[in-house]
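Visitor: 3D, please:
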Amino acid sequence: MASEGQCLTLCISSGKGGVGKSSLTVNLAFSLLYLGERVLIVDGDLGLANVDIMLGISAKRTIQDVIERSGDPMQSIVYPDPNLGVLPASSGVPHMVALGPDEQEKIGEILSGFCPFFSCVLIDTAAGIGSSVLWFNAFAQHNVVLLNADPTSLTDVYALIKILSHDYGRKRFHVLLNSVSSENEARQAYETLSKAASKFLSLNLNYFGAIPKDEAVQNAVRRQVPFVQGAPKSAAALAVHTIAKKVQALKKSGVSRS
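Guide: Take a look at the predicted model:
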C-alpha cells in the first residue's frame, strides 16, 4: 500500500486519435511495474473503452458503474497482474463522453481514493479536446502529450495544449513522440511544437522522448500482449523502459500539479 504523498497521477493525451496513446499507456504501466511500482491504469476514454481489449481482459464493472452506483470502487478494478490494476471504461455509451460537474467531482474523489493503494495512476484519455479529456488533464499532477511527426498531429496537440494552458492554468507539458523513423525526426517535430508554444503561449515544453516505428508494436496489439512483454528487447520496448524511468523520476522529485 502506498501513501497518498507517494502517489503520482499522470495523464496521457493526444490531439488526434490513432497515434498509439492506449498502447503507450499499457506498455508504460508494465515498464513501471518492472521498476517496482504498483500501477493503476484508468481508461479515461469514457465512451469507447479499449484498454481492456488491448489486454484481453473481461470487465464486469466499469467506471460508469462506479459513477452511477454505490459500492466500493476497488471492486471495479481488474488485475491482469497482482501489482497492476485496470479501471475499465464503458463502451458505446454516448452520455459518458460529456460528464457534468457532479460526475467529475465524484470521479475526482474516486481517483484520489485509489492513491493509498497504488504508487502510479496512469490516465489514458480519449483523443481531442472534449470535456472529459480536459478534466482528466486538469486533475492529474503531470501531463504527457503524445503525437507523431504528422502535421495534423502537431496542430491538434498544440490546440490541446493551448486550451489547457489558457483555460486550466496548466504550464508544464511533457512531449512524447511515437512511431518515428529516427530521433532526428522526433526532435524536429518537438522543436516545431516547442517554438510555437514558446512564441504564442509563453510555455517551455519538456521533451520526454521518442518511440521508434517497430513491427513488434503492431504484432503485440494483434496478440493482445504488451510489446514490453512479448518483445522486451525490441527498439520500442527499450524506448518505453527509458520513459518509465523518467516517470519514476517525476514521482521521486515530488513535483506537484503545475
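Visitor: contacts and neighbour counts: CA atoms only from here.
Guide: Fine.
Visitor: Now do the helices for the chain: every range, in order, please.
Guide: Taking DSSP state H as the criterion, the chain contains helices spanning 21-34, 51-55, 63-68, 101-114, 131-139, 151-168, 183-201, 215-223, 227-230, 235-253.
Visitor: Report all helices and strands that the helix or strand of the chain with the lowest mean pLDDT contacts.
Guide: Comparing helices and strands within the chain by mean pLDDT, DSSP states H and E singles out helix 63-68 as the least confident, with a mean of 75. Other helices and strands packing on helix 63-68, by 3 or more Cα pairs under 8 Å, 6 or more residues apart in numbering; DSSP states H and E, are helix 101-114.
Visitor: Flag the shaky bits of the chain, pLDDT-wise.
Guide: The chain contains residues with pLDDT under 70 at 1-5, 47-49, 70-71, 90-99, 254-258.
Visitor: so how far is L33 from the closest residue to A210 other than its chain neighbours?
Guide: Closest residue to A210 in three dimensions, ignoring its sequence neighbours and counting by Cα to Cα, 6 or more residues apart in numbering: L177, at 4.5 Å. L177 sits 22 Å away from L33 when distances are taken as Cα to Cα, to the nearest Å.
Visitor: Please say which of the two ends up with more neighbours.
Guide: Higher neighbour count among L177 and L33: L177, with 23 against 19, using other Cα atoms under 10 Å.
Visitor: list the contacts for the more buried one?
Guide: With contacts defined as Cα atoms under 8 Å, 6 or more residues apart in numbering, the neighbours of L177 are 146-149, 186, 190, 209-211.
Visitor: Highest neighbour count among these?
Guide: For those, neighbours were counted using other Cα under 10 Å, and L147 has the most, 33 neighbours in all.
Visitor: hang on, that residue packs against S14?
Guide: Yes. L147 sits in contact with S14 when judged by Cα atoms under 8 Å, with a separation of 6.2 Å.
Visitor: Common neighbours of those two, please.
Guide: Residues touching both L147 and S14 (Cα under 8 Å, 6+ apart) are V157.
Visitor: Please name the nearest non-neighbouring residue to A237.
Guide: Taking Cα to Cα, 6+ apart as the measure, A237 lies nearest to V228, with 4.8 Å between them; neighbours along the chain are not counted.
Visitor: roughly how far apart are that neighbour and I41?
Guide: From V228 across to I41, the span is 16 Å (Cα to Cα).
Visitor: These two: which is more packed in?
Guide: The residue with more neighbours, out of V228 and I41, is V228; 26 against 23, by other Cα under 10 Å.
Visitor: For the more buried one, list the residues it contacts.
Guide: For V228, the contacting residues are 27, 30-31, 234, 236-238, 240, by Cα under 8 Å, 6+ apart.
Visitor: ok, now N137?
Guide: 11, 143, 164.
Visitor: In contact with the second one: list those residues for me.
Guide: Which is N143. Applying Cα under 8 Å, 6+ apart as the definition, the contact partners of N143 turn out to be 10-13, 137, 172-174.
Visitor: Closest one to K251 out of these, please.
Guide: L10 (9.7 Å; Cα to Cα).
Visitor: and that closest one, how many residues sit next to it?
Guide: A count of nearby residues for L10, using other Cα under 10 Å, gives 24.
Visitor: For it, which residues count as its bridge partners?
Guide: When assigned by DSSP bridges, L10 has beta-bridge partners L122, H142.
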